[in-house]
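In: A structural model of the following input is requested.
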Amino acid sequence: MNNVYGVIFKDNGKEYYFNGQKMDLNPKDNVIVETEKGLQYGEITHLINSKKIDNSISLKNIIRKATEKDYEQYLSNTKEAKLALKKATNISKKLNLSMTFINSSFTFDRNQLLLNFYADERVDFRELAKKLAAIYKTRIELRQLGARDRAANCDGVGVCGRQLCCSSFLNHMESVSMNMAKNQNLSLNPSKINGCCGRLLCCLTYEDDEYIRCQKNLPHVGETIDTEYGKGTVKSVNILLQKYKVEIDGQIFEITKNDKMENQK
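Out: Predicted coordinates:
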């Protein structure tokens, strides 16, 4: 059975899975891997339990363990990419393009130069790409990032005090909606439910299904319901504890889902 390894391409970057074939590799080993964009220089994180890998996913191969010469090439590419970023910034200003470059990188084999940028509106960068291609004699890819992608590339610390999910372990950005915040009875204050990117927190998706499941057969705040003590208005709902408080004739009663009532005068 082939070994499957986790590989990252930058410090604290996202982990991607690669087929290590019969190689015996250790964490922190540097390797050359095959990607859709060409060869890349990466670092082994750990050996993956192949049973946890979806068999329908076709993994790219680890070509070889990196040599000292490979490392020198990687350093050279990194230095050249930084210079290319400055060059792209200067050319974009001359072309009066409203764009802010975030980072740049060459593939290990220099078959492609990728530049990520942020802009408020769509940018026609075809002339910029032509000029860069003429300079570097390689394929140029300019990618306009949205607010979420920008945060993922820049990294940062979330309101929870931990590294941003999007820049650490999330490999797929799921759609986040305001309904998820409502399902979890969260304050709809943007400062409470928005992340560093200014968009809704990605973590709202993590427990949404469980909140929806627990919310079944529970009343909503403001709803008038009948109880064994009379008709009252729901004042608050604790979804996870399966409890809700009802005001009946000026008194507050806490009711569990099995209708056990406690007077909360």
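
In: could you check which helix or strand contains residue 252?
Out: Element membership for residue 252 (DSSP states H and E) is strand 251-256.

In: next, the buried residues of the helix or strand where residue 213 lies.
Out: Element membership of residue 213 [criterion: DSSP H and E] is helix 208-215. Across helix 208-215, burial judged by 16 or more other C-beta atoms under 10 Å covers 208, 211, 214, 215. (Glycine included, C-beta is placed from N, CA and C.)

In: how about stretch 216-226?
Out: Applying 16+ other C-beta under 10 Å to stretch 216-226 flags residue 218 as buried.

In: now swap in stretch 193-202 and tell me
Out: Buried-residue list, stretch 193-202, by 16+ other C-beta under 10 Å: 193, 195, 196, 197, 199, 200, 201, 202.

In: quick one: average pLDDT of the helix holding residue 213?
Out: Throughout helix 208-215, pLDDT has a mean value of 90.

In: neighbouring contacts of it?
Out: With contacts defined as C-beta atoms under 8 Å, 6 or more residues apart in numbering, helix 208-215 is touched by 180, 183, 184, 239, 240, 242.

In: of the residues you listed - the most surrounded one?
Out: residue 180 (22 neighbours; other C-beta atoms under 10 Å).

In: tell me the SS of the closest residue to it other than its chain neighbours?
Out: Using C-beta to C-beta, 6 or more residues apart in numbering and skipping the chain neighbours, the partner closest in space to residue 180 is residue 204 (4.2 Å). What DSSP: H, G, I helix; E, B strand; the rest coil gives for residue 204 is helix.

In: quick one: residue 204 and residue 188 touch, right?
Out: No: applying C-beta atoms under 8 Å, one finds residue 204 not in contact with residue 188, separated by 11.7 Å.

In: and for those two, which residues touch both?
Out: Overlap of the contact sets of residue 204 and residue 188 (by C-beta under 8 Å, 6+ apart) consists of residue 181.

In: comparing the two, which shows the higher neighbour count?
Out: Neighbour count, other C-beta under 10 Å: between residue 204 and residue 188, residue 204 has more, with 21 against 9.

In: quick one: contacts for the more buried one?
Out: Taking C-beta under 8 Å, 6+ apart, one finds 176, 180, 181, 184, 186, 193 in contact with residue 204.

In: in the longest helix belonging to the chain, which residues are buried?
Out: Among the segments of the chain that qualify as a helix by DSSP state H, the longest is helix 68-94. In terms of neighbour count (16+ other C-beta under 10 Å), helix 68-94 has its buried residues at 70, 73-74, 77, 80-81, 84-85, 87-89, 91-92.

In: can you give me the neighbour number for the residue lying closest to residue 24 once chain neighbours are set aside?
Out: Excluding the flanking residues, the one nearest residue 24 by C-beta to C-beta, 6+ apart is residue 3, at 7.6 Å. Using other C-beta under 10 Å, residue 3 has 16 other residues around it.
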